[in-house]
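*Asks:* Attaching a predicted model along with its sequence, questions to come.
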Amino acid sequence: MRSMFIKKPRTLRKIAVFLRRLGIRIPTWAIFLVLPYFAVGLTYLTFYLQYNGKISNALQTAWSPPFFMNMLPILLTLVFLMFASGRIGVALPVTTLLFAGLSIVNRLKVEMRNDPFMPDDIFSGREAMSILTSQNQTIVFKLIGIFLLFALAVFVLLVFVRESKMHFVVRIAGTLAFVGVALAVNNKLYKDTAYYMSFPVDNPNFTVSRYNSNGFVYSFLYQINQRGATPEEYSKRGVEKAMAGYPQKLNYAGVHPNVIMFMSEAFSDLSDNPHFDFSNYEDPLKNFNKIRKDSMSGYMLVSGTGGGTADTEFDVLTGMSRREIDNVQYAYRLINRPTEGVANALAQLNYYKIFVHPGHPWFYNRANVYRFLGFDEIKFDEYFAGAPMKGGEYINEDDSMDGFIQLFREKLYYDAPVFEYCVNIQNHGPYPGKYGDWQKNFDTDLALPDGDVDILSNYFEGVIDVDRNLKKLTDYLDTVDEPVLLVYFGDHMPSMPIDTFNDLDFEFSYDGDFEHRVSIYKTPYIFWQNKTYRDIDDFSKRDNSADALMSSSFIGAKTLDLIGEPDATPFFSFLNSLRKSMPVVTKYEYVEANGTYRTYETLTPEEHNRVMLYKNWQHYILYEH
């Protein structure tokens, strides 16, 4: 028995010795000459791995400036590792793992979230696993297979190459020299916005298109250098001077209703798609659609799809736009001190402010963020202790809604009106098999694959629970003899493969027209009043056509406007003014109140000034106020 365990290592050693004898000893200087060729090959691979990657696409980029900008960091990394380790057996595998691995992650994130891999995403391990498990496994295995083939080629190369030993002094000197060169190259090339934006791109206003055209490696390094960058034309004095044009005006004598903002996880009206028929099943939105008829309603344009809950919270509660912030995993990372927003604006009117969510307090750093946003009371999963889970590790919708209502009821008849911000969680993705032994719960005229039927059936199962509890909430609020405004909206579309959306005729396209590009970024919203509030001021019949589609960053401003406090702070006064003339504001694209579409380049001088003030004011609040 003992000899069996001894022979194996000896056999392996013999094989290793034999392979080393086959190897070719190459002088160190010759290895450095080989590194650029390897960098070229790895650069081709990173281009191929990008969204819609094809060999022809990769070859078309050859020796273009973007190709060089992607190859240079790879080459410098190879050189650095050669000097630092003295081993080509370290330099090649580590560089391959780093750049090819991140390229695969970028491809998967684009496929699932329509959003490229950003520097701050490195700290999002749980979200990465969610994307991986939600992804089309064929794509995952294909990408991993391509990576393994390249890795095998590296291994074979290493078997037959034996480098000469590098002197320790040479290694130290080379490492230090590399650091200097890398810093100089980064400052000269990878911080230059004008140069980065100068290359042709199908849609210059879309980050994914920019990544695809400029290359993942170049774009990723550029984004690292842009974190906290000062906006074009920024002036602190200019912002402070502009504030005088939007004076604060508080209407202390007005009717101040209780306000509930309810952000519903992955809530959408996807089931209203004409390809679905629920005649033989329960309509997932039978209550919402009835309530919507008695509400001021429309769609809001959020910053993410399939994820980004905290970014929608950020937009709604602060009035700032997540789309204006690069290189952070989520915008709440920038809320690290008292920050103005809806809650702080309502504090001036003596509102009691509550945040409640049946999730963990550490997630998105919410426990600290909501203190900085001015909430008086913050409740997390411990408030729902003992409630059963449903659809995974998520507190069920029924008990969540009971908790939301109970907390509101407890504070309702204090001397102050209540502002409660609720976030549910049960119908969080991923959806394949989410609710166990799922049953198909819809008919369709489409030949959907089984995987899509699984995803959609489980998603609709969760929406049915959400819809039933929305009715529970509005039924309760109609019994309250105090005025209540309910602002109800979805945080983002559900996390589904883009092909699933396109099967349903969303006609989403990265490089299509504006309507097609935003089709999977729209979620429904309603502003609903209870009977007591409607008897005082019924706004459900007002013309809301200008806000039929508006940016999520205007929801908070519109809420203040509807309760008679459009000028609660100078910033919200400005936002309400901007919203009424331009309800959709993204980073580079805009829609005027009359429906006219504009890009950054086609803005009128007056619109340009207002858009720049919005960008600058946001920078002022986050970094200099």
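*Replies:* That came in fine, so what should we check first? In this text the structure is predicted, and so the values were computed from the model without any measurement.

*Asks:* Okay, now the unreliable bits of this protein?
*Replies:* Scanning the chain for pLDDT under 70 picks out the ranges 1-31, 51-62, 112-114, 120, 123-165, 202-206, 227-229, 326-329, 510-511.

*Asks:* for it, longest helix please?
*Replies:* Criterion DSSP state H: the longest helix present in the chain is helix 450-477.

*Asks:* That one packs against which elements?
*Replies:* strand 258-264, helix 286-293, helix 397-411, strand 484-490, helix 498-503 (3 or more Cβ pairs under 8 Å, 6 or more residues apart in numbering; DSSP states H and E). The way it works is simple: take the backbone N, C-alpha and C, and place the C-beta from them, glycine included.

*Asks:* who wins for proximity to residue 557 among these?
*Replies:* Among the helices and strands packed on helix 450-477, strand 484-490 comes nearest to residue 557, with 11.7 Å by Cβ to Cβ.

*Asks:* What pairs with that closest one, parallel or antiparallel?
*Replies:* strand 258-264 (parallel), strand 522-529 (antiparallel) (DSSP bridges).

*Asks:* Outside of whatever helix or strand comes next after the first one itself, list whatever touches it.
*Replies:* Once the chain leaves strand 258-264, the next helix or strand it forms, by DSSP states H and E, is strand 276-277. For strand 276-277, the surrounding residues in contact (Cβ atoms under 8 Å, 6 or more residues apart in numbering) are 442, 443, 444, 445.

*Asks:* which of these has the most neighbours?
*Replies:* Within these, neighbour counts (other Cβ atoms under 10 Å) peak at residue 442, which reaches 21 neighbours.

*Asks:* roughly how far apart are residue 259 and residue 579?
*Replies:* 18 Å (Cβ to Cβ, to the nearest Å).

*Asks:* returning to that earlier point: export the strands paired with strand 484-490 as JSON lines, with columns for mean neighbour count and distance to residue 568.
*Replies:* Shown next, in JSON lines, are those (neighbours: other Cβ atoms under 10 Å; distance: least, Cβ to Cβ, whole Å):
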{"stretch": "strand 258-264", "mean neighbour count": "24", "distance to residue 568": "12"}
{"stretch": "strand 522-529", "mean neighbour count": "23", "distance to residue 568": "17"}
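
*Asks:* Would you mind giving those as CSV with distance to residue 366 added?
*Replies:* Below are these laid out as CSV (distance: least, Cβ to Cβ, whole Å):
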stretch, distance to residue 366
strand 258-264, 12
strand 522-529, 20
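
*Asks:* Indicate which one of those is closest to residue 623.
*Replies:* Among the strands paired with strand 484-490, the nearest to residue 623 by Cβ to Cβ is strand 258-264 (26.2 Å).

*Asks:* quick one, that closest one and helix 450-477 angle?
*Replies:* Direction vectors for strand 258-264 and helix 450-477, defined by axes from the mean of the first three to the mean of the last three Cα atoms, to 10 degrees, enclose an angle of 170 degrees.

*Asks:* okay, strand 258-264 in CSV with CA atoms only?
*Replies:* Provided in CSV are the C-alpha atoms of strand 258-264 (Å, rounded to 0.1, in the frame of the first residue of the first chain):
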residue,chain,number,x,y,z
ASN,A,258,-48.7,62.0,5.3
VAL,A,259,-46.5,60.6,2.6
ILE,A,260,-45.6,57.0,1.9
MET,A,261,-43.0,56.3,-0.7
PHE,A,262,-43.1,52.6,-1.6
MET,A,263,-40.3,51.2,-3.8
SER,A,264,-41.3,47.7,-5.0
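
*Asks:* Can you tell me the SS state at residue 70?
*Replies:* Judged by DSSP: H, G, I helix; E, B strand; the rest coil, the three-state class of residue 70 is helix.

*Asks:* wait, doesn't it sit right on residue 222?
*Replies:* No: using Cβ atoms under 8 Å, residue 70 is not in contact with residue 222, being 10.9 Å away.

*Asks:* quick one, which of the two is more surrounded?
*Replies:* residue 70 (26 against 23).

*Asks:* List the residues that contact the more buried one.
*Replies:* Residue 70 neighbours (Cβ under 8 Å, 6+ apart): 43, 46, 47, 215, 216, 217, 218.

*Asks:* From those residues, pick the one nearest residue 175.
*Replies:* Distances from residue 175 to the contacts of residue 70, taken by Cβ to Cβ, are shortest for residue 217, at 21.6 Å.

*Asks:* can you give me how far the helix or strand containing the closest one is from the chain middle?
*Replies:* Residue 217 belongs to helix 216-226 when assigned by DSSP H and E. Distance, stretch centre to chain centre, for helix 216-226: 17 Å (Cα atoms, centre = their mean, to the nearest Å).

*Asks:* ok, now stretch 86-102?
*Replies:* The answer for stretch 86-102 is 29 Å, by Cα atoms, centre = their mean.

*Asks:* Which parts of that stretch count as buried, going by neighbours?
*Replies:* Within stretch 86-102, the residues scored as buried using 16 or more other Cβ atoms under 10 Å are 86-89, 91-96, 98-100, 102.

*Asks:* among the helices and strands packed on helix 450-477, which is nearest residue 193?
*Replies:* With respect to residue 193, and counting by Cβ to Cβ, the nearest of these is helix 498-503 at 29.0 Å.

*Asks:* Which neighbouring elements make contact with the closest one?
*Replies:* Counting by 3+ Cβ pairs under 8 Å, 6+ apart, the packing neighbours recorded for helix 498-503 are helix 450-477.

*Asks:* Tell me who's in contact with the residue lying closest to residue 313 once chain neighbours are set aside.
*Replies:* In space, and not counting its chain neighbours, residue 313 is closest to residue 263: 6.5 Å by Cβ to Cβ, 6 or more residues apart in numbering. Residue 263 sits next to 309, 312, 313, 316, 421, 422, 423, 424, 489, 490, 491 when contact means Cβ under 8 Å, 6+ apart.

*Asks:* Check residue 239 too.
*Replies:* Residues near residue 239 by Cβ under 8 Å, 6+ apart: 613, 616, 617, 620.

*Asks:* Neighbour-wise, give me the winner out of the residues you listed.
*Replies:* Neighbour counts for those (other Cβ under 10 Å) peak at residue 617, which has 25 neighbours.

*Asks:* Confirm for me that that residue is in contact with residue 242.
*Replies:* Yes: with contact defined as Cβ under 8 Å, residue 617 reaches residue 242; the gap is 7.4 Å.

*Asks:* Done for today, thanks.
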